[in-house]
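Peer 1: Give me a 3D structure for the following:
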Amino acid sequence: MIARGPLRLAKPAGPGAARRGRCRRQERLAVRGGRDLRDVVSAYLVTGWMISNQAQLPTRAQVDGVRRQIAMAMQERPPAAAAGNRQMAAELMMYELVSLIYARQEGLQTGNRPALQAIATRTAGSLRERGFDPLRIGLTDQGFVPR
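Peer 2: Modelled structure (predicted):
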């Protein structure tokens with residue numbers, strides 16, 4: 001079930017705790033909640049855009065702008081899938097999202113530019129296959145805009 005309210009993650013401890021702590025902060029900044037499918041799709045697209053464009057973390061206003069766009073789109077065209085299928089899709093997106101954030105963080109910490117480029121290329125290709133080209137849009141406080 002998608003959590004209601006803010007996303008809560010376990011406190012980091014032991015070896016690598018600082019790295020996990022930074023990943024947690026990134027996840028909180030990118031996700032901003034995780035209350036429902038709109039939040040998950042917004043976080044997924046914003047994070048994919050950020051990684052594909054090798055951009056800095058988005059601002060809260062930018063994430064909120066995308067969430068408004070997703071909410072309007074889902075209101076105009078509600079998802080056709082049954083609630084259980086939407087739940088499964090949301091969970092899969094969240095797992096992929098955390099994996100992307102972690103891979104990006106590892107590349108940033110190690111300064112591995114080829115790995116960062118490979119992650120960006122793979123992420124952009126994956127999003128394009130789903131009909132979303134992150135390299136052709138910008139991110140503003142109003143959400144995504146054509147470049």
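
Peer 1: Tell me which helix or strand the closest residue to residue 103 other than its chain neighbours sits in.
Peer 2: Distances taken as CB to CB, 6 or more residues apart in numbering place residue 119 nearest to residue 103, at 5.2 Å, with adjacent residues excluded. Placement of C-beta: from N, CA and C, glycine included. Taking DSSP states H and E as the definition, residue 119 sits inside helix 113-129.

Peer 1: which helices and strands does whatever helix or strand comes next after that helix pack with?
Peer 2: Proceeding N to C from helix 113-129, the next assigned helix or strand is strand 137-140, under DSSP H and E. Judged by 3 or more CB pairs under 8 Å, 6 or more residues apart in numbering; DSSP states H and E, strand 137-140 is in contact with helix 37-52, helix 60-76, strand 143-146.

Peer 1: Nearest to residue 135 among the ones you listed would be which one?
Peer 2: The minimum distance between residue 135 and the helices and strands packed on strand 137-140 falls on helix 37-52, with 6.2 Å, by CB to CB.

Peer 1: Could you pull up the mean pLDDT of that closest one?
Peer 2: Here helix 37-52 scores 93 as its mean pLDDT.

Peer 1: what does it contact?
Peer 2: Contact with helix 37-52 is made by 2, 30-34, 55-58, 62-63, 66-67, 70-71, 74, 79, 86, 89-90, 93-94, 96-97, 100-101, 104, 119-120, 123-124, 126-127, 132, 134-135, 137, 139, 144, as judged by CB atoms under 8 Å, 6 or more residues apart in numbering.
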